[in-house]
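1. coords please:
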Amino acid sequence: MSDHVKILGIESLTHDVKQFKVEKPTGYSFTPGQACEVAINQEGYREEKRPFTFTSLPQEDHLEFVIKSYHDHEGVTKKIDSLQVGDELIVDDSWGAIEYKGQGTFIAGGAGITPFIAIFRDLLEKGKLKGNRLFFANKTAKDVILEDWFREILGDDFISLLDKEEKSGHVQGRVDKEFLKKNVTDFSQEFYVCGPEPMIEAVSKSLEELGANPEAIVFEK
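-> Numbers count the residues shown, from 1 in each chain. Take a look at the predicted model:
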């Protein structure tokens, strides 16, 4: 099922990430952490569907997506970056395996943070955020999406890692086995992992080797 929706608002979050607020089709539903296929309602792009995660909450009267644009090729996200308020997107039904199953540690790489935005917003609204942690890996400080918000809502339970830069307030390095061994005391908890596929595979493997239950590692399959 596809619906045409108008863009209601656009906000820049980083140098290459924007937040798009769009109309919500009547009766549309999803669970925090889920995504849908999105296309641009313009010639040459209607069949070019890409998956984007909802960063709004199910009860809100609009949908919201946080989208990173890649300008190194003439792709869909580059085109999305040039869209204006009033332009139309085509959204399909919601889907996705990332769903909150209980308190745990969230591990995100780059734009892989998007499913966790809606989950954290939902937990915050329900007063159930405390006890959850976030490790957020990026290349440089300017790539960190919604850094101030995460610091505000999570405090010391938010750790930002930078791979290509040393900067105060951030850990230099990656979410590898050594980092996990040093920063996680309980491997029997839930783990939520989202990011580039090689990162998901490496992190999941490290978690299992350190004693995490494979059934308790949630990621998009």
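
2. pretty sure Tyr45 contacts Lys78?
-> No - with contacts counted by CB atoms under 8 Å, Tyr45 stays clear of Lys78, the gap being 11.0 Å. (Glycine included, C-beta is placed from N, CA and C.)

3. who's in contact with the helix or strand where Glu37 lies?
-> Secondary structure assignment for Glu37, by DSSP states H and E: strand 35-40. Under the criterion CB atoms under 8 Å, 6 or more residues apart in numbering, residues 30, 45-54, 65, 76, 79-80, 83, 87-96, 114-115 lie in contact with strand 35-40.

4. What residues sit buried inside the helix or strand hosting Ile200?
-> Assessed by DSSP H and E, Ile200 sits inside helix 197-209. Of the residues in helix 197-209, Met199, Ile200, Ala202, Val203, Ser204, Ser206, Leu207 count as buried by neighbour count, 16 or more other CB atoms under 10 Å.

5. export those to CSV and tack on distance to Thr140 and pLDDT?
-> As requested, these are arranged in CSV below (distance: CB to CB, whole Å; pLDDT from 0 to 100):
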residue, distance to Thr140, pLDDT
Met199, 16, 94
Ile200, 21, 94
Ala202, 20, 96
Val203, 20, 96
Ser204, 25, 96
Ser206, 23, 97
Leu207, 26, 97
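
6. what's the closest of those to Gly104?
-> Leu207 (10.9 Å; CB to CB).

7. my read: that closest one touches Leu180, true?
-> Yes - Leu207 lies in contact with Leu180 (CB under 8 Å); the separation is 6.6 Å.

8. okay, now the domains of the protein?
-> Listed domain ranges for the chain are 3-95, 104-218 (source: automatic domain parsing).

9. Show me what Phe191 bridges to in the sheet.
-> On the basis of DSSP bridges, Phe191 is bridged to Thr105, Ile217.

10. dump the residue contacts of it.
-> So Phe191 contacts Gly104, Thr105, Phe106, Ile107, Leu207, Ala212, Ala216, Ile217, Val218 (CB under 8 Å, 6+ apart).

11. what do you get for Gly33?
-> If you count contacts by CB under 8 Å, 6+ apart, then Gly33 has Thr53, Gly96, Ile98, Glu99, Tyr100, Pro115, Phe116, Ala118, Ile119 around it.

12. Mind doing that once more with 7 Å?
-> Gly33 is in contact with Gly96, Ile98, Glu99, Tyr100, Pro115, Ala118, Ile119, counting by CB atoms under 7 Å, 6 or more residues apart in numbering.

13. doesn't it fall inside a strand?
-> No - remark: Gly33 does not belong to a strand; assigned using DSSP: H, G, I helix; E, B strand; the rest coil, it is coil.
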